[in-house]
Structures are given as C-alpha cells and as structure tokens.
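In: Okay, sequence plus prediction incoming.
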Amino acid sequence: MEYDIIIVLCASARSDDGKFVEFEKGQYLGGQTRMDAAVKLYKDNHKAQFILVGGYNKNEEKSDKINGMQQFLEEKCGQDVDTLLCPSLSCTRHNLIAIFNTWKKNKVIFDKLKNKKIGVLTNFYHLPRALRFWSELVSQEEFTGIPTPFPISAESIIDDSGEAHIRFIEYLLR
C-alpha cells in the first residue's frame, strides 16, 4: 500500500553501534525492527513524509532518539527521504498529541489530512495501545477530522520470523 504519511513511533535511542535496542530488561522493544521496517516502507513510498516521534532529552527541546532515527533513514534511504521530526514526552499518548498539535498549528496541513493515507508504524505488541490513544484523541473536539490511520506492524513489513519468536518470553512480557 502507498501512504502519504508514515508515522514512526520511537522505541529507543540509537546506540553507539548504530543500531536501535531490540531487547531491554528482559522485554522486547523492537527498535531496530521498527527502523528496518521504515527503510523497507520507504522503498515503496518515496513520496511519503515520515514523521519521526520520540522523547525529549532532559532539559532540552530536542531528541537524540528522533535525530538518530533521521540519521538512520538518511543513511539507508538517502538524503531525499522527507522527514518531520516531532520531539515529545516519551509515552505513546504524548507522541500522538505532539503530532496532532504539530498538524493543528499548520491549518493547511490539518485541513488536508482527511484526504491522506496515514500509516502508524510500530511493533505488533504496541499497535493496540497506539490505536486506542489515537481513537481517544480524535474524539476530542480540537482533533476532529484527523482520519484513522492504517496500522503497520514492523514485524510484518520485514517478515521477521526470527529473534522475536525465538525469544518468545521477552516478546510476551511486552
């Protein structure tokens, strides 16, 4: 499917080895899986805007998480990838609020959303929570008109039948 906008919810910061954390404290995060899926999605969605959203750094209004995500996409997809960086508090609900507020500030974009195909890319375990928050937020008057996104499971995009399934307990803990 072709998308106009692909929102990539951040799972972790990029580590020194250039990868994103897959497992932490006995739980599956799937950060690298999300970013590998974003790269694969770009191959079929060159015209899409990738909205990268993640946590602020303490005491600063920037985010190493989303800066790392942008660098990764540019390394893998080239400088032409259209990204919008959206730093936010580091929880799913606030990620979406930050995106919605960014859209609302730009009325031209906000008014054109109803005609856009929007995808939310995250890991399978995370989709129900992300979609529930989306649904709750669009029921508020200030965000009426934002369409329901297409859920995109990172694992299904990269056809991952490997480590997440081998490390099934960590995956289930999420």
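Out: Sure thing, it's come through. Numbering: from 1, shown residues only.

In: Asn45 contacts Glu2, correct?
Out: Yes - between Asn45 and Glu2 there is a contact under C-beta atoms under 8 Å: 5.8 Å. The C-beta positions use only the backbone N, C-alpha and C, and glycine is treated the same way.

In: which of the two has more neighbours?
Out: Remark: of Asn45 and Glu2, Asn45 carries more neighbours, 21 against 11, as counted by other C-beta atoms under 10 Å.

In: any idea how far Pro147 is from the more buried one?
Out: Distance, Asn45 to Pro147, by C-beta to C-beta, to the nearest Å: 17 Å.

In: now do Val53
Out: 17 Å.

In: between those two, who's got more neighbours?
Out: In this view Val53 and Pro147 are compared by other C-beta under 10 Å, and Val53 has more residues nearby, 27 against 13.

In: Next, that one: secondary structure please.
Out: strand (DSSP: H, G, I helix; E, B strand; the rest coil).

In: any weak-confidence spans in the chain?
Out: 59-61, 160-174 (pLDDT under 70).

In: swap the cut-off to 50 and go again
Out: 165 (pLDDT under 50).

In: Strands of that one, residue ranges please.
Out: Under the criterion DSSP state E, strands of the chain are mapped to 5-9, 23-24, 27-28, 49-55, 82-88, 118-122, 150-153.

In: now those strands in a markdown table, with distance to Leu96?
Out: Formatted as a markdown table, those follow (distance: least, C-beta to C-beta, whole Å):
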| stretch | distance to Leu96 |
| --- | --- |
| strand 5-9 | 8 |
| strand 23-24 | 23 |
| strand 27-28 | 22 |
| strand 49-55 | 8 |
| strand 82-88 | 8 |
| strand 118-122 | 9 |
| strand 150-153 | 13 |
